[in-house]
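A.B. asks: here you go, sequence then predicted model.
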Amino acid sequence: KQEVTQIPAALSVPEGENLVLNCSFTDSAIYNLQWFRQDPGKGLTSLLLIQSSQREQTSGRLNASLDKSSGRSTLYIAASQPGDSATYLCAVRRGGWNTDKLIFGTGTRLQVFP
Amino acid sequence: DTGVSQDPRHKITKRGQNVTFRCDPISEHNRLYWYRQTLGQGPEFLTYFQNEAQLEKSRLLSDRFSAERPKGSFSTLEIQRTEQGDSAMYLCASSLIGELFFGEGSRLTVL
């Protein structure tokens, strides 16, 4: 059974810091991995998608890496800003002809203070 | 290009009542998913459709829950005889290939 763990559960940093959020998963047979952002009481916003054959993806100040063999992904946020404050969720996607679901971690709650 | 839309955004109901949520996916997305999220947890998979066919259902989806996607476009999720444990955010997502896009969710409170 696939399990996804995110560390740390919460993080509070001053504005301007570079930071790394960690995601680990127990079953390396994944189709892809997706990072999301969730603001309180809102839905999920897709940040980055990494296919199982890829090692990393970048979008602006965000960089996500994937190491399937070790069951790990990291989300790197450069030069953090107060507007980055949110919960960050990673999810691995199992694929197959008869299954298609995301398995989520419980998230990292990030607060960036001025 | 509109995103995934869900309605209603908030629903307060009394235990035992039936509720229905609607999801309109991004147009031309053939896959549609329902997830449930409780406070402090990540979303949990409930079910998904490819076009109008419901291809997978989680064991979380008890017989009080039913989902439909009659014409392969919008979908509805109905909960019958609601219980307090059904209180959660119900999230809908759609995809064409690869990336999932989520709506803002429908928050259900059962009193």
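C.D. replies: Good, I have the coordinates.
A.B. asks: tell me the mean pLDDT for stretch B:72-90?
C.D. replies: Confidence over stretch B:72-90 (mean pLDDT, whole number) is 96.
A.B. asks: so what touches it?
C.D. replies: B:6, B:13-25, B:30, B:32, B:34-38, B:46, B:49, B:51-52, B:64-69, B:92, B:105-111 (C-beta atoms under 8 Å, 6 or more residues apart in numbering or on different chains). All C-beta atoms are positioned from the backbone trio N, CA, C, and that covers glycine.
A.B. asks: okay, how far is it across that stretch, tip to tip?
C.D. replies: Distance between the two ends of stretch B:72-90: 20 Å, counting by C-alpha to C-alpha, to the nearest Å.
A.B. asks: and it, how far out from the chain middle?
C.D. replies: 6 Å (C-alpha atoms, centre = their mean, to the nearest Å).
A.B. asks: check which residues of that stretch are buried.
C.D. replies: Going by neighbour count (16 or more other C-beta atoms under 10 Å in any protein chain shown), the buried part of stretch B:72-90 is B:74-75, B:77, B:79, B:82, B:86-90.
A.B. asks: what does stretch A:91-104 give?
C.D. replies: Buried, per 16+ other C-beta under 10 Å, within stretch A:91-104: A:91-94, A:100-104.
A.B. asks: so what touches that stretch?
C.D. replies: So stretch A:91-104 is contacted by A:2-4, A:25, A:27, A:29-36, A:89-90, A:105, B:31, B:33, B:35, B:42-45, B:48, B:55-56, B:58, B:100 (C-beta under 8 Å, 6+ apart).
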